[in-house]
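Colleague: Here you go, sequence then predicted model.
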Amino acid sequence: MDMLSVMLSRIQMGATLTMHMLFPALNIGLALFICIMEGLWLKTNDALYLKIAKFWTKIFALAFGMGVVSGIVMAYELGANFGRFTYAVGEVLGSLFVYEVLSAFFLEAGFLGIMLFGWNKVSPKMHFFATFMVMAGTAFSAFWIMSANSWMQTPAGYGFIEGKYVLVSWMDAIFNPSFIPRFLHMLLATYNTATFFIAGISAWYLLKGRHLDLAKRCFSFAIWSALVVVPLQMFMGDTVGIEVHENQPIKTAAMEGVWETQKGAPFVVFAYPSMKQEKNLFAITIPYMASLINTHSFEGELVGLKSVPPEDRPFVPIVFYTFRIMVGIGVIFLGIAFYGLWLRHKKRLYDTSWFLRLCVLATPLGFVATIAGWYTAEIGRQPWVVYNVMRTAKGASELPPDHVFISLSAFILIYIFILSFYIFYLCRMIDKGPDKLLTKDAAEGHAFQYMTEIDKGA
């Protein structure tokens, strides 16, 4: 195998996944938020909740369409760039992807039309049911995708027959050792992303003095949500860390910058992990903390990177830094959540301008943390495409490097072009705000109509 082709194929798949992940990272959490808002409208008859639900539904629809288009490409890339991988594991992962389509994508697609266009065509309760099913579909989609990816991290329930990996136990394959904590960790990551996206947009409206009723309600809900989802995410992150230490100790070593197997390993706050010199340069450390974090014991033992040959190690600097980016953003989110609680207590939540600006700046951080965590997981698994079972080089297709480079360059240019238009239209929708976006479908008017239908027993 030409290792340049393998590396270019990996970069291309990484670029595609990065592009695609931006949209489910927002929409899974946004679907839950919309469902809650619509449910509160049905319960309270407060037209503001309906206005909120309809406004954010339009942003959800834009991201949903982008997610579908960017996700389709990956199926072709798997076949083209990693043909030997798909041949070998197709009977395992192919089945999980089919279940994702049948139980999740069809569920979303079946009810999405009602959610987007059924406000005047179905009863309020039926519309809420459609919104709920779309929300459930997004979560089911994450369930199956994370099951498939977790199988690549901790394969289980399989056998090897005539050059192919086949299923021996469905339950062991689906609920492989890393699946449950990784799924919950990813789900909470999307909730955090949506929470701070909503908080950032609402804070921007508050700073501009626009749509204050909607902005205050959304901002208040987002700050309350952050107080719940951020600590839960940190707890699940700790759970995932323990699981990784047990099942993928070399990944943990790369995350922590541990070169020698040792007990009481320090936490490296900052360093440059030199793969050539096999040590950390310019290190700032906290004694015993890496062992405490990963084993819950000050004297816990961490396996070092030197315990395996260099060819069995991931690219340490990327894993090391992306892990710290993810954790650092989590700490920022926790600080925002608790300071928001203090401002609420002081009745200054909506008029503390520096805090609102901070929330605006934090709007994209959920996406950054999610992608950084994904890089940590995927690059930390290398050089294995299926951990300790199949090397990435063995799963790659035999392609000339120049062919892969041409397709990679084309993909990057196209993605930049498409993403630019997405951001342009997203900013345009946010700038217009709910009043202009809902001109033809005024929330208050339909609230009156639906309340009348409810009164009649519809």
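Modeller: All right, it came through fine.
Colleague: who's in contact with stretch 171-185?
Modeller: For stretch 171-185, the external contacting residues (CB atoms under 8 Å, 6 or more residues apart in numbering) are 92, 96, 142-143, 146-147, 149-151, 153-158, 167, 233, 236-237, 239-240, 243-244, 247, 373, 377. Using the backbone N, CA and C atoms, a C-beta is placed for each residue, glycine as well.
Colleague: repeat for stretch 419-428
Modeller: 19, 22, 59, 62-63, 66.
Colleague: The residues you listed: which two are farthest apart?
Modeller: Met19 and Ile59 (18.1 Å; CB to CB).
Colleague: circling back to that earlier point, now intersect the contacts of stretch 171-185 with the strands, please.
Modeller: 158, 167 (DSSP state E).
Colleague: of the contacts of stretch 171-185, buried ones?
Modeller: Neighbour-count burial (16 or more other CB atoms under 10 Å) is assigned, among the contacts of stretch 171-185, to 92, 96, 142-143, 146-147, 149-151, 153-158, 233, 236-237, 240, 243-244, 247, 373, 377.
Colleague: Select from those residues every entry located in helices.
Modeller: Those of these mapping onto helices are 92, 96, 142-143, 146-147, 149-151, 153, 233, 236-237, 240, 243-244, 247, 373, 377, per DSSP state H.
Colleague: Val303: what's it in contact with?
Modeller: 249-250, 252-253, 258, 261.
Colleague: Whichever of the residues you listed end up buried, select them in PyMOL.
Modeller: Only the buried entries of the contacts of Val303 go into this PyMOL selection, using 16+ other CB under 10 Å:
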select buried, resi 249+250+252+253+258
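Colleague: Please enumerate the strands of the stretch 301-450 of the chain.
Modeller: Per DSSP state E, counting those that start in this stretch, the stretch 301-450 of the chain carries strands over the ranges 301-302, 384-386, 390-391.
Colleague: Most tightly packed of these?
Modeller: Of all these, strand 384-386 carries the top mean neighbour count, a mean of 22, counting by mean count of other CB atoms under 10 Å.
Colleague: And it, how far out from the chain middle?
Modeller: Centroid displacement of strand 384-386 relative to its chain, using CA atoms, centre = their mean, to the nearest Å, is 21 Å.
Colleague: tell me what that strand is packed against?
Modeller: Under the contact criterion of 3 or more CB pairs under 8 Å, 6 or more residues apart in numbering; DSSP states H and E, strand 384-386 touches helix 124-153, strand 390-391, helix 392-395.
Colleague: deepest of those, which one?
Modeller: Most buried of the helices and strands packed on strand 384-386, by mean neighbour count (mean count of other CB under 10 Å): helix 124-153, with a mean of 21.
Colleague: what mean pLDDT does it have?
Modeller: In this model, helix 124-153 has an average pLDDT of 92.
Colleague: by contact count, what packs against it?
Modeller: Using 3+ CB pairs under 8 Å, 6+ apart: helix 124-153 touches helix 3-44, helix 83-100, helix 106-117, helix 170-174, helix 179-208, helix 365-381, strand 384-386, helix 443-455.
Colleague: what about the fifth one, average pLDDT?
Modeller: Right, the one you point to is helix 179-208. 96.
Colleague: so after the one helix or strand Ser220 maps to, what's the next helix or strand?
Modeller: With secondary structure defined by DSSP states H and E, Ser220 is part of helix 212-247. Counting by DSSP H and E, the element after helix 212-247 in chain order, helix or strand, is helix 249-256.
Colleague: Is Leu50 in contact with Trp41, as I believe?
Modeller: Yes: between Leu50 and Trp41 a contact is recorded at 4.4 Å, counting by CB atoms under 8 Å.
Colleague: still on that earlier bit, look at Met19 and Ile59 and report which has more neighbours.
Modeller: Between Met19 and Ile59, counted using other CB atoms under 10 Å, the more crowded position is Met19 (25 against 21).
Colleague: do you know how far that one is from Phe405?
Modeller: 18 Å (CB to CB, to the nearest Å).
Colleague: picking up where we left off before, a markdown table for the helices and strands packed on strand 384-386, including distance to Lys347?
Modeller: Below are those laid out as a markdown table (distance: least, CB to CB, whole Å):
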| stretch | distance to Lys347 |
| --- | --- |
| helix 124-153 | 33 |
| strand 390-391 | 59 |
| helix 392-395 | 55 |
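Colleague: Can you tell me which of these is nearest to Val316?
Modeller: Of all the helices and strands packed on strand 384-386, helix 392-395 comes closest under CB to CB, at 16.3 Å.
Colleague: wait, Ile242 sits on Leu292?
Modeller: No: using CB under 8 Å, Ile242 makes no contact with Leu292, being 11.4 Å away.
Colleague: shared neighbours, these two?
Modeller: With CB under 8 Å, 6+ apart, Ile242 and Leu292 have no common neighbours.
Colleague: show me where pLDDT drops low in this protein?
Modeller: Across the chain, the ranges flagged by pLDDT under 70 are 1, 437, 439-458.
Colleague: now do 80
Modeller: 1-2, 69, 71-72, 75, 101-106, 435-458 (pLDDT under 80).
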